[in-house]
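Visitor: Give the three-dimensional model of this entry:
(one chain, ligands or ions: 1)
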Amino acid sequence: MSNPKFIPYTDFEHLKEEEMLKRSKEFYDKIKKRRTIRHFSNKKIPIDVLKNCLLAAGTAPNGANMQPWRFVVITNKSIKKEIRFEAEKEEHIFYTSRASNEWLKALELLGTDEHKPFLEEAPCLIAIFSKKIDVLPNGEKVKQYYAQESVGIATGFLIVALHNAGLATLTHTPSPMRFLNKILNRPEYERPFLLLVVGYPSENAEVPNIHKKPLNEIADFIG
Ligand SMILES: Cc1cc2nc3c(=O)[nH]c(=O)nc-3n(C[C@H](O)[C@H](O)[C@H](O)COP(=O)(O)O)c2cc1C
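Guide: The predicted structure follows:
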């Protein structure tokens, strides 16, 4: 039987209701300005900002605290080029045969196609991997729990942290993404989760004119 250790939790901030309302509104006002950007400038991003955002992602709740994620930050031009080449190969198949008509119809509003110049133009790509198992330094294999859910939450933290720090992102999922293991030299037990494109919007960047559902369409209140 293990003997769990506990420490007092003193970091919680008890706020007055007024302050809670103010902060929740301010956060909503800030987060609703986040948009998926598909036109990036080539302006470099400060690496220390990126490191803080990755640390923020690493604080995410996760199954049994296994932290089943791996973030690979790519700024090297030739690696970005290689990723673009492989992603466009998959995307060509996706747009010409793999995607159902229904799927293509759903994508129409976004105006996306098989061309992914942003994979080279943006200063930074973060390949996010989800670990099915972890391998300890002694070679022991450890099963990970709720890896997909956990990595999804950590990715959400990362996107919010980057937005908060003044950076734009694109959540990109060329499918399948196994080519990322090969290019980035990651072990087979790390499954590519998604590719986050990070940078600044180009001067004339545009976004699709789409809208978010109102509260009554996304939430039910019972009680
Ligand atoms: C799991 C996931 C996969 C996505 N894959 C792609 C993608 O491969 N290419 C792309 O252009 N956008 C992709 N997106 C971005 C969505 O299209 C975008 O978030 C959605 O249209 C809402 O727009 P907004 O982020 O500006 O609010 C993806 C988003 C998510 C969450």
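
Visitor: For whichever residue of the chain sits closest to the ligand, list each beta-bridge partner.
Guide: Residue of the chain nearest the ligand, by Cβ to the nearest ligand atom: residue 36 (3.4 Å). C-betas here are computed from N, CA, C, even on glycine. With DSSP bridges applied, residue 36 shows beta-bridge pairing to residue 169.

Visitor: That one against residue 169, yeah?
Guide: Yes: Residue 36 lies in contact with residue 169 (Cβ atoms under 8 Å); the separation is 7.1 Å.

Visitor: Residues in a beta bridge with residue 142, which ones?
Guide: Here residue 142 sits in beta bridges with residue 134, as judged by DSSP bridges.

Visitor: Would you point out which residue is most central in this protein?
Guide: residue 155 (3.9 Å; Cα atoms, centre = their mean).

Visitor: Which positions in the host helix or strand of that residue come out as buried?
Guide: In the assignment (DSSP states H and E), residue 155 maps to helix 147-164. By 16 or more other Cβ atoms under 10 Å, the buried positions in helix 147-164 come out as 147, 150-155, 157-163.

Visitor: just stretch 51-67 next, same as before
Guide: So for stretch 51-67, counting by 16+ other Cβ under 10 Å, buried means 53, 54, 56, 57, 60, 62, 63, 66, 67.

Visitor: which of those residues are close to the ligand?
Guide: Among the buried residues of stretch 51-67, no residue is within reach of the ligand (Cβ under 6 Å from any ligand atom).

Visitor: Quickly name whichever of those is closest to residue 194.
Guide: Comparing the buried residues of stretch 51-67 against residue 194 with Cβ to Cβ places residue 57 closest, at 12.6 Å.

Visitor: so what's the closest one closest to, chain neighbours aside?
Guide: Among residues not flanking residue 57 along the chain, residue 158 sits closest, at 3.7 Å (Cβ to Cβ, 6 or more residues apart in numbering).

Visitor: Repeat that for residue 196.
Guide: Counting by Cβ to Cβ, 6+ apart, residue 196 lies nearest to residue 126, which is 4.3 Å off, once chain neighbours are set aside.

Visitor: tell me which element the one you found falls in.
Guide: Per DSSP H and E, residue 126 falls inside strand 124-131.

Visitor: contacts for that strand?
Guide: Here strand 124-131 makes contact (Cβ atoms under 8 Å, 6 or more residues apart in numbering) with 45, 50, 54, 66, 68-75, 80, 83, 119, 144, 147-148, 150-151, 154-155, 158, 180, 184, 186, 189-199.

Visitor: what pLDDT does the spatially closest residue to residue 43 that is not a sequence neighbour get?
Guide: Nearest residue to residue 43, sequence neighbours excluded (Cβ to Cβ, 6+ apart): residue 200, at 5.1 Å. Per-residue pLDDT puts residue 200 at 98.
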